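# Sharing a model prediction with you, sequence too.
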Amino acid sequence: MSIARKALGLFMGLFLFTGTAPVHAGFTYFSDRGAFDAANPGTVLEDFEDATSNTVVSGPQDQFSDNAAFQPGDIIPNLRITAVGTFPDEFFVNINSYGPTTVMTTNYGDDFARLDFYEAPITAFGVDLSSFGSSGDYTIRIYGTSGLFDTQVVSPSAFFGFTSTEGVTRVELQAPLYETFDNIAIGGQAVPEPSSVVMLGLGGLGMLGYARARRTRKA
């Protein structure tokens with residue numbers, strides 16, 4: 001029996017034994033922040049309370065921002081917020097304008113707010129969505145390294161959160177008019193799917209079998 005046929009038989013045997021095939025990310029969704037926090041201890045919160053003035057800021061906002069509202073280090077690591085649309089990268093920073101809190105609002109005409117987790121994928125995410133200027137429900141798109149994972153439609157003036165079985169690299173928030181949001185929580189560390197572990201094991205077994213076959217032929 002050839003080495004290729006043996007490797008194929010080994011792969012099929014492991015597949016039948018484990019019952020594992022590549023799967024898409026699995027999500028658990030939350031509409032209550034208390035339940036989300038209880039299920040995801042240790043998340044890091046960005047509440048924008050370090051902002052120093054009501055103003056319009058330009059450019060992606062992250063831990064390196066240095067402008068009229070934010071200084072370097074004011075925004076948590078691994079979170080970059082970008083406005084995508086007609087007025088790219090423009091945000092209103094609203095301090096106590098809609099209650100005793102600071103919120104971020106994309107400029108009029110922007111298509112959506114993009115939240116990138118640029119240092120490492122996350123597996124837990126939460127955000128407070130505001131009805132200010134939204135003119136309707138939010139569409140939320142969730143991405144990983146392999147592309148779009150899922151899309152959810154969420155009412156304004158609501159909390160939205162999730163946990164994922166795979167690493168999430170980007171979340172997009174889109175409302176009919178303005179996107180206004182606060183209290184972004186991120187956390188978790190991506191864990192390989194069982195199928196990924198099996199494939200890694202198969203790769204190692206394949207290399208071992210190849211090496212043994214070469215030694216046998218040389219002998």
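Arrived safely, thanks for sending.

# which stretches of this structure aren't confidently modelled?
1-24, 87-89, 108-110, 133, 189-219 (pLDDT under 70).

# can you list the domain ranges for it.
Using automatic domain parsing, the domain parsing of the chain gives 1-23+193-219, 25-192.

# Just name the most buried of these.
domain 25-192 (a mean of 18; mean count of other Cβ atoms under 10 Å). Every C-beta, even on glycine, is put in place using the N, C-alpha and C of the backbone.

# how far does it sit from the chain's center?
How far domain 25-192 lies from its chain's middle: 10 Å, per Cα atoms, centre = their mean, to the nearest Å.

# Can you name the next helix or strand after the biggest strand by length in the chain?
Counting residues, the longest strand found in the chain (DSSP state E) is strand 158-168. Using DSSP states H and E, the helix or strand that follows strand 158-168 towards the C-terminus is strand 170-174.

# and that following strand, which strands flank it?
Under the criterion DSSP bridges, strand 170-174 sits next to strand 110-116 (antiparallel), strand 138-144 (antiparallel) in its sheet.

# Am I right that residue 38 is in a helix?
Yes. Assessed by DSSP: H, G, I helix; E, B strand; the rest coil, residue 38 belongs to a helix.

# if I look at it, how far off is residue 129?
Distance, residue 38 to residue 129, by Cβ to Cβ, to the nearest Å: 20 Å.

# Please name the residues that touch residue 84.
With contact taken as Cβ atoms under 8 Å, 6 or more residues apart in numbering, residue 84 is in contact with 110, 111, 112, 113, 114, 172.
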